[in-house]
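Student: I would like to see how this sequence folds:
(chains A and B)
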Amino acid sequence: NAGVTQTPKFRILKIGQSMTLQCTQDMNHNYMYWYRQDPGMGLKLIYYSVGAGITDKGEVPNGYNVSRSTTEDFPLRLELAAPSQTSVYFCASMTSGSDEQYFGPGTRLTVT
Amino acid sequence: QQPVQSPQAVILREGEDAVINCSSSKALYSVHWYRQKHGEAPVFLMILLKGGEQKGHDKISASFNEKKQQSSLYLTASQLSYSGTYFCGTEIAFNTDKLIFGTGTRLQVFP
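Tutor: Down below sits the predicted model:
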């Protein structure tokens, strides 16, 4: 099992550009999450999904969009990137009935 | 709504003990503890449920005080491998499916 994988690992964007952060899990988990972590700070929930076709906003959803067409994939879309979106982005997954979220290795994004 | 963790940072020598606290202004259903080593992803440690008992494995344990809406993480006889940032994640009701994380406590253990 690869667990939770994220691509790319690093990315530099110019202001106004768009991109998609990919997240895939091979554990057949129904719950998936996107967090951002600013330097020296905790994790902020952006969006989450409880299953294919179902998504919901977290604490900081503005400027982002998600989709969940399959159980395995949960891409995060950034439209019109802004410097405030410079952060490390973590994807996580969890199986129903469990309390443990499994995190991916993260994507470090810089917007200049 | 974000839980408050204290202290913000702890420096220890190997073998010393530490306590990390996580406090919420809202009534909590559960508290989850994660550890993140530098440059890595967070890793789950344990969960404390409302009405549950103190938990622990090896020399890391935790408790949940429902009256104070506070959880404490106890690290005893610390090892170098305990270094990292500890986060609590709180859930305010059963089956909300999402956590609100605290700002973290950075723990450094030196030989």
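Student: for the residue in chain B positioned nearest to chain A, which non-adjacent residue is spatially closest?
Tutor: Closest approach between chain B and chain A, counting by C-beta to the nearest C-beta: residue B:41, at 3.7 Å. To be clear about C-beta, it is placed using only N, CA and C from the backbone, and glycine gets the same treatment. In space, residue B:41 comes closest to residue A:103 once its chain neighbours are excluded; the distance is 3.7 Å by C-beta to C-beta, 6 or more residues apart in numbering or on different chains.
Student: counting neighbours, what do you get for the one you found?
Tutor: Residues contacting residue A:103 under the criterion other C-beta atoms under 10 Å in any protein chain shown number 22.
Student: so what's it scoring on pLDDT?
Tutor: For residue A:103, the model assigns a pLDDT of 96.
Student: what does the pLDDT read for the closest residue to residue A:36 other than its chain neighbours?
Tutor: Distance criterion C-beta to C-beta, 6+ apart; nearest residue to residue A:36, sequence neighbours excluded, is residue A:87 at 4.3 Å. Among the per-residue scores, residue A:87 shows a pLDDT of 97.
Student: against residue A:4, how distant is the residue of chain B closest to chain A?
Tutor: 8 Å (C-beta to C-beta, to the nearest Å).
Student: same drill for those two, tell me which one is more crowded.
Tutor: Applying other C-beta under 10 Å to residue B:41 and residue A:4 shows that residue A:4 carries more neighbours, namely 24 against 21.
Student: in contact with the residue nearest to the more buried one when sequence neighbours are not counted, which residues?
Tutor: Take residue A:4 and drop its neighbours on the chain: the residue closest to it by C-beta to C-beta, 6+ apart is residue A:104, 3.8 Å away. Residue A:104 makes contact with A:3, A:4, A:5, A:6, A:23, A:25, A:90, A:91, A:92, B:41, according to C-beta atoms under 8 Å, 6 or more residues apart in numbering or on different chains.
Student: of those residues - the most surrounded one?
Tutor: Result: residue A:91 is most packed of those (other C-beta under 10 Å), 28 neighbours.
Student: secondary structure class for that one?
Tutor: At residue A:91 the chain is in strand, as set by DSSP: H, G, I helix; E, B strand; the rest coil.
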